[in-house]
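**Student:** All I have is the shape, not the residue letters:
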């Protein structure tokens, strides 16, 4: 079970997985890596373990979510921006003043007296990606031999050790509660692979390896795992105390958003630069308005006021 500094621990379930793969059965590989930082997602770091498992039913699905919100006046602003009639600075100042619109009583009067409702020119605008994707796998283990029982125990233990933190800064005189830091748990890479009897459409030859037709899962961490040694509500053990049936529900969450490979237009690049410049200008003015010579403070406040107007 223990890995040295040069090679990871190799585990698999069921025991027949190797021969099943040779006959074409698809499977999955889950590799764990030492986590050096939250941005270490490019396969670097030490690989601690590699677990080959069957693909459980209901696992081949993924959800990609995006955030959109309704924006009052968004239609007009988008049309003007497309014609070059409004810049990022104007857009930001209008958004800042949205709370200063006409009192609600005026709109209520128009609606009650004339049956009119103001057209707010609503538009659905993009706010960025939704939550990081999650993928849950529900494995069921029915070990038939002592060797398979040991392998299942090792697999569950490895997932447990790789999903929980270690104590950093712990010395011989310290207790776990006194350790100053938690060291981040491992990161994981998941691949869906095809059996060796699969035939490549490109070469016409038998081939194994990652299945190019299925979605790819980015570098992930384990957020939850549930171990159940009594899934059938009927307690059952082998003579040596090993559970007859165990289940493992494990949820991985990706560390990065799914990003499109579509090219970015020149206009979007220009808008981005204009937005960054506007933010920098406002930040500089806010800094001057709080410190420095009184004359400079006054000038900075006036400039901020003009931007908001």
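**Tutor:** Received it, and whenever you're ready, just let me know what you need. Quick caveat: nothing in here was measured; it's all calculated off a predicted structure. Numbering: from 1, shown residues only.

**Student:** Give the residue spans of this structure that score low on pLDDT.
**Tutor:** Residues of the chain meeting the criterion pLDDT under 70: 1-6, 37-44, 74, 76-107, 109-110, 169-179, 197-208, 292, 307-309.

**Student:** And the helices in it?
**Tutor:** With DSSP state H, the ranges of helices along the chain come out as 17-22, 74-82, 88-96, 104-114, 146-163, 266-290, 294-308.

**Student:** What sits closest to the most centrally placed residue in the chain if chain neighbours are left out?
**Tutor:** Of all residues in the chain, the one closest to the mean position by C-alpha atoms, centre = their mean is residue 132, 2.5 Å from it. In space, and not counting its chain neighbours, residue 132 is closest to residue 254: 4.9 Å by C-beta to C-beta, 6 or more residues apart in numbering. Where C-beta positions appear, they are placed from N, C-alpha and C, glycine not excepted.

**Student:** on that earlier part again, pull the contacting residues for the residue nearest to the centre of the chain.
**Tutor:** For residue 132, the contacting residues are 253, 254, 255, 256, 257, by C-beta atoms under 8 Å, 6 or more residues apart in numbering.

**Student:** Same check on residue 163?
**Tutor:** So residue 163 contacts 185, 186, 221, 222, 225, 250 (C-beta under 8 Å, 6+ apart).

**Student:** What separation is there between it and residue 156?
**Tutor:** Residue 163 sits 11 Å away from residue 156, going by C-beta to C-beta, to the nearest Å.

**Student:** For the stretch 101-250 of the chain, which segments are assigned as strands?
**Tutor:** 123-129, 134-141, 166-168, 181-183, 187-199, 206-210, 220-228, 246-254 (DSSP state E, counting those that start in this stretch).

**Student:** Kindly compare burial across the helices of the chain and name the winner.
**Tutor:** helix 146-163 (a mean of 17; mean count of other C-beta atoms under 10 Å).

**Student:** How far off centre is it?
**Tutor:** Between the centre of helix 146-163 and the centre of its chain there are 26 Å (C-alpha atoms, centre = their mean, to the nearest Å).

**Student:** and it with strand 187-199, angle?
**Tutor:** Relative orientation of helix 146-163 versus strand 187-199 (axes from the mean of the first three to the mean of the last three C-alpha atoms, to 10 degrees): 140 degrees.

**Student:** quick one: contacts for the residue of the chain most remote from its centre?
**Tutor:** What lies farthest from the middle of the chain is residue 113; by C-alpha atoms, centre = their mean that is 51.2 Å. By C-beta under 8 Å, 6+ apart, no residues touch residue 113.
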